[in-house]
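**Student:** sharing a sequence plus its predicted fold:
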Amino acid sequence: MTDRRRLLQGGALLLTGLAMPAIGRAQAGWPTQPVRLIVPFAAGGPTDIPARLLADELSKQLPQRVIVENRTGAGVVVGSDVVAKAPKDGHTLLYTTIAHAALRAIFPRLPFDPLGDFAPVALTGTIPMLMMVNKDLPVSSLQELIALLKKNPGKYDYASTGNGAALHLATELFLKQAGVQANHVPYRGSAAAMPDLLSGTVSVMLDVANNALPFVQRGDVKGLAISASHRLPQAPSVPTFAEAGLPGYEAYTWHMVFAPAGTPEPLQQQISGSINKVMAMESVKQRLSDLTMEPRADTTPASTAAFLKAEVEKWEKVIRDAGIKAD
């Protein structure tokens, strides 16, 4: 190769490097400004608390702070829309739940595509659900509840945290797999539903474990089954659904971090790796375990996308079969 040819090739490479898009050059230094972690749920709730724990620990590791913004409205639609339309530079992320998997089937008109407009970067953990009944209901096991509902189709009511919410879908999945019927009574959250479960106005409620456990531990309600692979140390007397006679029942809420679709893949990998480092910390794992969350520190953007796809297919079928529509 002549000296002149080498010189021309070297100059071309230099020009190519200078012409790289700004996003490509910025990746190595991510983040270059504070990161907004959008949580489409109210502050202080069961989704907000783990999100803030993640944000605090990321802020200690990254060169910029991670700031939680609670953007509620229309379920999770308003907050999710903020991220769908954000710049694809890793500085605006979404921290949301299983609700994301139901959006397309629940809402016929959305300002975004729940799959096409988001890049799943990390699954941070799963939270099991606990089946509770009013303490005066004449059952003491899941099989007795199923027998009671089969004997009295449509007689008993169950509470959920809203039409199309995760607890509504999970209860409908239970009813279908058990082959029983019950009437749905939606509430604006667990706090609004619990007084009616305690009084017997409604008889049955499936709730995330961290909400349900205090009532079970005090004996205010009967805990019949937990949707985990093992019994929880906080409630060792409550069997899993498999132990209670309904093997194959899987319903839990999960927490996931998304970036806007089109975020460069190397940047997605970098964000995912930073999140995994936090989720692997013993202090974080212990704190989340206290909240009955099973943290994950082993996911990638690819595995998270595959998990989301499976969840969307699963819950969209439940929605269709139960004829669930948005309020």
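**Tutor:** It's in.

**Student:** now do the phi/psi pair for Asn183.
**Tutor:** Backbone torsions of Asn183, given as degrees, to the nearest 10, read phi -90, psi 140.

**Student:** shaky segments in the stretch 51-200 of the chain?
**Tutor:** By pLDDT under 70, the stretch 51-200 of the chain has no low-scoring segment.

**Student:** which residues in it form helices?
**Tutor:** 77-84, 99-106, 142-151, 166-178, 190-199 (DSSP state H, counting those that start in this stretch).

**Student:** can you pull the contacts of Asn163?
**Tutor:** For Asn163, the contacting residues are 184, 186, 324-327, by Cβ atoms under 8 Å, 6 or more residues apart in numbering. Backbone N, C-alpha and C define where each C-beta goes, glycine included.

**Student:** distance check, it against Ile49.
**Tutor:** 25 Å (Cβ to Cβ, to the nearest Å).

**Student:** which strand runs longest in the protein?
**Tutor:** strand 118-134 (DSSP state E).

**Student:** list the buried ones in that one?
**Tutor:** For strand 118-134, a neighbour-count test (16 or more other Cβ atoms under 10 Å) marks 118-134 as buried.

**Student:** which residue is nearest the centroid of this structure?
**Tutor:** Thr97 (2.2 Å; Cα atoms, centre = their mean).

**Student:** surely that one is in contact with Phe258?
**Tutor:** No. Assessed by Cβ atoms under 8 Å, Thr97 is found out of contact with Phe258, at 11.3 Å.

**Student:** parallel or antiparallel, list what pairs with the longest strand of the chain.
**Tutor:** As defined by DSSP bridges, the strand partners of strand 118-134 come to strand 204-208 (antiparallel), strand 221-226 (antiparallel), strand 252-260 (antiparallel), strand 294-295 (antiparallel).

**Student:** quick check: angle from that strand to helix 166-178?
**Tutor:** 70 degrees (axes from the mean of the first three to the mean of the last three Cα atoms, to 10 degrees).

**Student:** got the angle for strand 118-134 vs helix 99-106?
**Tutor:** Going by the same axes, to 10 degrees, strand 118-134 makes 90 degrees with helix 99-106.

**Student:** alpha carbons only: can I get strand 118-134 in PDB?
**Tutor:** C-alpha atoms of strand 118-134 as PDB (Å, rounded to 0.1, in the frame of the first residue of the first chain):
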ATOM      1  CA  PHE A 118     -40.800   1.400  24.200                       C
ATOM      2  CA  ALA A 119     -37.600  -0.500  24.700                       C
ATOM      3  CA  PRO A 120     -37.600  -2.900  27.700                       C
ATOM      4  CA  VAL A 121     -34.200  -2.600  29.400                       C
ATOM      5  CA  ALA A 122     -34.500  -4.400  32.700                       C
ATOM      6  CA  LEU A 123     -36.900  -6.600  34.700                       C
ATOM      7  CA  THR A 124     -36.200  -5.500  38.300                       C
ATOM      8  CA  GLY A 125     -38.400  -8.000  40.200                       C
ATOM      9  CA  THR A 126     -41.700  -9.800  40.700                       C
ATOM     10  CA  ILE A 127     -44.200  -9.600  43.600                       C
ATOM     11  CA  PRO A 128     -46.500 -12.500  44.400                       C
ATOM     12  CA  MET A 129     -50.200 -12.100  45.100                       C
ATOM     13  CA  LEU A 130     -52.100 -13.400  48.100                       C
ATOM     14  CA  MET A 131     -55.700 -14.700  48.100                       C
ATOM     15  CA  MET A 132     -57.700 -13.500  51.100                       C
ATOM     16  CA  VAL A 133     -61.200 -14.000  52.200                       C
ATOM     17  CA  ASN A 134     -63.400 -12.500  54.900                       C
END
